[in-house]
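> Give me a 3D structure for the following:
(one chain, ligands or ions: 1)
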Amino acid sequence: SFSNLPDAPVDEIFSLNHAYVADPNPNKVNLSLGVYRTEEGQPWPLASVEQVEQELYTQNDPARHEYLPIEGDSVFLGHARDLMFGFNKPDADVGKEVEAKKRIASVQSISGTGANHLGAAFLAHHFKPKHVWVSIPTWANHHTIWELQGIERKGYPYFDAATCAFNFDGAIATLENEAVEGDVILLHACAHNPTGVDPSKEQWKEIAELCQRKRLFPFFDSAYQGFASGSADEDAWAVRYFFNLSTPLEMCVAQSFSKNFGLYGHRTGAFHLVTNGANPAETELVRKNLCHIIRGEYSMGPRYGSTIVKRVLGDERLRAQWQDDLTVMSSRIKRMRQALYDELKRLNTPGSWEHIINQNGMFSYTGLTLKQVLTLRDEFHIYLLKSGRASVSGFSEKNVAYVAQAIDNVVRR
Ligand code: PLP
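The predicted model follows:
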């Protein structure tokens, strides 16, 4: 019997979304799920993605439902790797890049979650870290993924509640004093979830130096490349800096195409394990071991999303369209941050709200207390996470004044 099973936690984000859907109030506002929404609150299939879908539909390729290889679609993987690590630019040193690519073992994953899982499973089996260090706070699923691999989780301070900014000194001091050689350190490549607060370039350099000196193993989670700033290069800056250090570092990158291609349900992603390059045979060995895990768990990644991504990234015209699509999404989010900030200023809402415009990416850590969050939900039908995290894409020109008014109301109580 299973009656003695421990109770399993319910996912806060998905259950909140469920409560939002069930709420009949016409003024309700959904700031829960991390998904892009238009001004009208609708999902947005990217124009670049739709063009590929139309091609796929008319081409009627009989192989379109075939299995992929275990490691995934090799053309997709090449594009995914090049996008992440910045290869094949017009001014690239081709010889140098050929060598650099040999350090990277890439496989297709079940989106970003699956890439995180694959990395955690691989490292737990073959590297056996004593601990994984996650930022406090972090994306809740990081905890679940590493807990399921039996690796002890430890937290490094990340968010400074007093300033709503990155607690750089706290993070460095904790890792410096408490992390031990071989520990994994989980880093959000850009647009930190849930806080929207990222290290500066100078701070990234110091984190890299710490990883090298203390022999910590960096694990980048990249779920928002191009979505956050509008530039895929800018959002990959930290990953590329770590990758290009003159003394090569081993590291992992979990790459999601959910947000930057709007392919949420198609579970499109890649996992890259970067070796230090000392032994040229190592990359292939890593790749084979990753394939061994994939085969035993789900055989291979899904086909539809990776076909779309490879066609967009492999075609100059579609790639330019994708860049426009990224600009549409990232600029609307920035506009909504500014609109919320302006409304709160206009209302003279007590407190400082600069962090709303300074934070980056899909989320804002508003600084609202649990009590205020619950009042927003119960009285105003505005749904954000208990931590005060709001998904900025849930705002629109139509609801931002209503939400600001409600925030003003709960803050003044
Ligand atoms: N990592 C972070 C930090 C995220 O915020 C997300 C999505 O919200 C993911 C990974 C993975 O999402 P997916 O599995 O849809 O790619």
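> sec struct for the residue in the stretch 101-250 of the chain that the ligand sits nearest to, please.
Across the stretch 101-250 of the chain, the shortest distance to the ligand (CB to the nearest ligand atom) belongs to G112, at 2.9 Å. C-beta: built from backbone N, CA, C; applies to glycine. Under DSSP: H, G, I helix; E, B strand; the rest coil, the three-state class of G112 is helix.
> what number of residues lie near it?
25 (other CB atoms under 10 Å).
> Equivalent analysis for D91, please.
Counted with other CB under 10 Å, residues neighbouring D91 total 4.
> What residues does the chain have near the ligand?
For the chain, the contact set with the ligand under CB under 6 Å from any ligand atom comprises 34, 111-113, 139, 188, 193, 221, 223, 256, 258, 264, 269.
> one more time with 5 Å
Proximity of the chain to the ligand, by CB under 5 Å from any ligand atom, involves residues 34, 111-113, 139, 193, 221, 223, 256, 258.
> Restricted to strands, list those.
221, 256 (DSSP state E).
> which residue packs closest to the residue of the stretch 101-250 of the chain closest to the ligand, ignoring adjacent ones?
S256 (2.8 Å; CB to CB, 6 or more residues apart in numbering).
> Kindly state the beta-bridge partners for the one you found.
G269 (DSSP bridges).
> measure it to R267 for me?
9 Å (CB to CB, to the nearest Å).
> Looking at those two, which one has more neighbours?
Set side by side, S256 and R267 show more neighbours around S256, with 26 against 21, by other CB under 10 Å.
> Contact partners for the more buried one?
111-113, 115, 222-223, 268-269 (CB atoms under 8 Å, 6 or more residues apart in numbering).
> one more time with 7 Å, if that's ok
111-112, 115, 222-223, 269 (CB atoms under 7 Å, 6 or more residues apart in numbering).
> Which helix or which strand is home to I356?
Take DSSP states H and E as the rule and I356 turns out to sit in helix 354-358.
> Starting from that helix, tell me the next helix or strand along the chain.
Assigned by DSSP H and E, the successor of helix 354-358 is strand 363-365.
> Now do the buried residues in the helix or strand that comes right after that following strand.
Downstream of strand 363-365, the next assigned helix or strand under DSSP H and E is helix 370-380. Neighbour counts over helix 370-380 (16 or more other CB atoms under 10 Å) mark 372-373, 375-377, 380 as buried.
> what's the closest of the residues you listed to the ligand?
V373 (19.3 Å).
> and that closest one, what is it in contact with?
Contacts of V373 by CB under 7 Å, 6+ apart are 384, 386, 388.
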